[in-house]
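Asker: Quick check, what structure comes out for this input:
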Amino acid sequence: MPPDNRHIHLILFLLPLMFVGISCSALRGVKDALTNLSRCSFKVENIAGFSLAGIPLGNKSSYSVADGLTLAAAFARNELRASFTLNVAAINPNDGTGGTPSSSATMTRFAWTLLIDNTETIRGDIAEPVTIPGTGQQSIIPLTMSLDLFQFFRNRGYEGLLNLALALGGVNRTTTAITLRARPTIDTRFGPINYPEEITIVDTEFRSK
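Answerer: Below you'll find the predicted structure:
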């Protein structure tokens, strides 16, 4: 028995509406994901485990004679490599209050650029995904960094480089000279979504842009 033409016409009429409905739902989902993503904020928390030419500086306010010999030898080779962990604090405010559902944010990428005293230095990314729970509480993202201070700040001379290292990683260390530019990528049910724009991350406040 041939199909009723009226049924065929009805199906042909409903199909586009079904696709429109699905598309609108998907668009709303993407919009919600982007909104939740843009609510996550970041701040430079502290520097840990700083070493210069293999010398740990965490408990130092000055250099010993033995340290000086090691550092002078490295400087003579036109290098002064610093290694440290930069801890970035993150807050995901999607805790279920304010009319939004509670949701964790899983970062699959956190492409960053490190600036010291406004000088652009090295770039990197996270080695594995990081989940920021939707609790409104602070989470820490540890970023392992290694750079040659001589390469970027040789114009400061030997004493200037040593003072910079102590300021960053010594017993009285501070992060005021540190700025991080980063662009997170968050995993969603629609696939990875890049943060709308690069964030400038400092130590004075949490920022989402």
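
Asker: Looks to me like residue 140 is in a strand.
Answerer: Yes. Counting by DSSP: H, G, I helix; E, B strand; the rest coil, one finds residue 140 located in a strand.

Asker: Surely it touches residue 86?
Answerer: No. With contact defined as Cβ atoms under 8 Å, residue 140 does not count as touching residue 86 (10.5 Å). In short, each C-beta sits where N, CA and C put it, glycine included.

Asker: Settle it for me: which of these two has more neighbours?
Answerer: Comparing residue 140 with residue 86 by neighbour count (other Cβ atoms under 10 Å), the higher total belongs to residue 86, at 24 against 13.

Asker: State the helix or strand in which that one lies.
Answerer: In this structure, residue 86 is located in strand 81-91 according to DSSP states H and E.

Asker: Buried residues in that strand, which are they?
Answerer: Residues of strand 81-91 classed as buried: 82, 83, 84, 86, 87, 88, 89, 90, 91 (neighbour count, 16 or more other Cβ atoms under 10 Å).

Asker: Next: stretch 191-201.
Answerer: Judged by neighbour count using 16+ other Cβ under 10 Å, the buried positions of stretch 191-201 are 193, 195, 199, 201.

Asker: Repeat that for stretch 59-72.
Answerer: 60, 63, 67, 71.

Asker: How about stretch 149-165?
Answerer: In terms of neighbour count (16+ other Cβ under 10 Å), stretch 149-165 has its buried residues at 149, 150, 152, 153, 154, 161, 162, 164, 165.

Asker: Which helix or strand lies directly C-terminal to the strand holding residue 86?
Answerer: Sequence order places strand 105-116 as the next helix or strand after strand 81-91, per DSSP H and E.

Asker: which neighbours does that next one have in its sheet, and in what orientation?
Answerer: Within its sheet, strand 105-116 is paired with strand 119-124 (antiparallel), strand 130-132 (antiparallel), strand 178-188 (antiparallel), according to DSSP bridges.

Asker: Tabulate these in CSV, adding columns for mean pLDDT and distance to residue 56.
Answerer: Shown next, in CSV, are the strands paired with strand 105-116 (pLDDT from 0 to 100; distance: least, Cβ to Cβ, whole Å):
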stretch, mean pLDDT, distance to residue 56
strand 119-124, 98, 20
strand 130-132, 88, 26
strand 178-188, 91, 19
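
Asker: Would you mind finding the most buried of the ones you listed?
Answerer: Sort the strands paired with strand 105-116 by mean neighbour count, taking mean count of other Cβ atoms under 10 Å, and strand 178-188 sits at the top with a mean of 20.

Asker: could you give the angle of that strand to strand 81-91?
Answerer: Relative orientation of strand 178-188 with respect to strand 81-91: 50 degrees, computed using axes from the mean of the first three to the mean of the last three Cα atoms, to 10 degrees.
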